[in-house]
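Engineer: Next come a sequence and a model predicted from it.
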Amino acid sequence: MIKYCPTCNRSSEEARFIGEFCEFCVADKIKATLPKVVKVRRCRVCGSIRDSKGFTQYTDEAMADAIAQQMHAPNCKIKLKEFDEMRRIALLRIECELNEGTVRFNYEVDVRFTKEMCPSCYRKSAGYYEAIVQVRGSEHKVAGFLDSFSRFLEKGNAFVSKTAEMGNGIDMYVSDKKLVTGYFMLHKTIKPKVSYKLYGVKKGKKLYRHIYSVSL
């Protein structure tokens, strides 16, 4: 039996039906509830964006997640098909699960970026550090350590806020003490001497900076 959409009069021979309405009219009803403009938080320094997990490096998945937070469409999956940086327009592919079936459609939305700094860039600009790594040894060995250590920090999204060249090595002020500990746990042949320096109190808890002395 042929069905006709009460909104547009399309027949079931022309379009797939979801309940009593054709998929095009169902899509139009959903589109009418979606925002035409969304705000996405982006770091003005590194370009990372804020998705549901926090600030992260830009990817299509992260951008789609950030936009989805503003769409308020809990039964819909949102993917980014294309983003026009110049026009700030995102083309989305949206798939919504309804009681009567699934509807899929494309949707364009204007993206407005907020100008702010992510926590990592803010800490970097403020010279933040949790650990000092003091490396001593020959120039060749120190250079090899710095290359390996820097790549490890970069993978963990940590940074060196300051360096100080010494007579036989270098001091590095590192943002994440847990990551520094992780590096030495991974490279067991390097055995640093660890000491601690009190630098503050937060909510009654003493805060310490870790100092790692490495002899190569």
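Structural biologist: The structure has been received and is ready for your questions. Just so you know, these numbers come straight off a predicted model, no measurement behind them. Numbering: from 1, shown residues only.
Engineer: going forward, measure contacts and count neighbours with C-alpha atoms only.
Structural biologist: Will do.
Engineer: separation between residue 72 and residue 103?
Structural biologist: To residue 103, residue 72 is 17 Å away according to CA to CA, to the nearest Å.
Engineer: Equivalent analysis for residue 212, please.
Structural biologist: Counting by CA to CA - residue 212 and residue 103 are separated by 57 Å.
Engineer: more neighbours, these two?
Structural biologist: Between residue 212 and residue 103, counting by other CA atoms under 10 Å, residue 212 is the more crowded of the two (23 against 20).
Engineer: quick one: buried residues of the helix or strand harbouring that one?
Structural biologist: Residue 212 belongs to strand 205-215 when assigned by DSSP states H and E. The neighbour-count check on strand 205-215 (16 or more other CA atoms under 10 Å) flags 208-215 as buried.
Engineer: contacting residues around the residue most central in space within the chain?
Structural biologist: The centroid of the chain falls nearest to residue 56 when counting by CA atoms, centre = their mean (1.4 Å). Shown in contact with residue 56 (CA atoms under 8 Å, 6 or more residues apart in numbering): 48-50, 62.
Engineer: The same query, at a cut-off of 10 Å, please.
Structural biologist: 42-43, 46-50, 62-63, 118, 157 (CA atoms under 10 Å, 6 or more residues apart in numbering).
Engineer: go on, residue 38?
Structural biologist: By CA under 10 Å, 6+ apart, the neighbours of residue 38 are 66-71, 90, 109-113.
Engineer: Check it and give its pLDDT.
Structural biologist: You'll see residue 38 listed with a pLDDT of 96.
Engineer: What average pLDDT does stretch 132-142 get?
Structural biologist: Mean per-residue pLDDT for stretch 132-142: 92.
Engineer: try stretch 200-216
Structural biologist: So the average pLDDT for stretch 200-216 ends up being 86.
Engineer: Now do it: distance to the chain's middle.
Structural biologist: 28 Å (CA atoms, centre = their mean, to the nearest Å).
Engineer: heads up, I number from 21, so please use that
Structural biologist: Okay, using 21 as the starting number, the last item reads as stretch 220-236.
Engineer: Need the contact partners of that stretch.
Structural biologist: 149-162, 165, 189, 191-194, 196-198, 200-201, 204, 210-219.
Engineer: And for stretch 96-114?
Structural biologist: 47, 51, 57-58, 79-85, 87-88, 91, 93, 115-118, 122-133.
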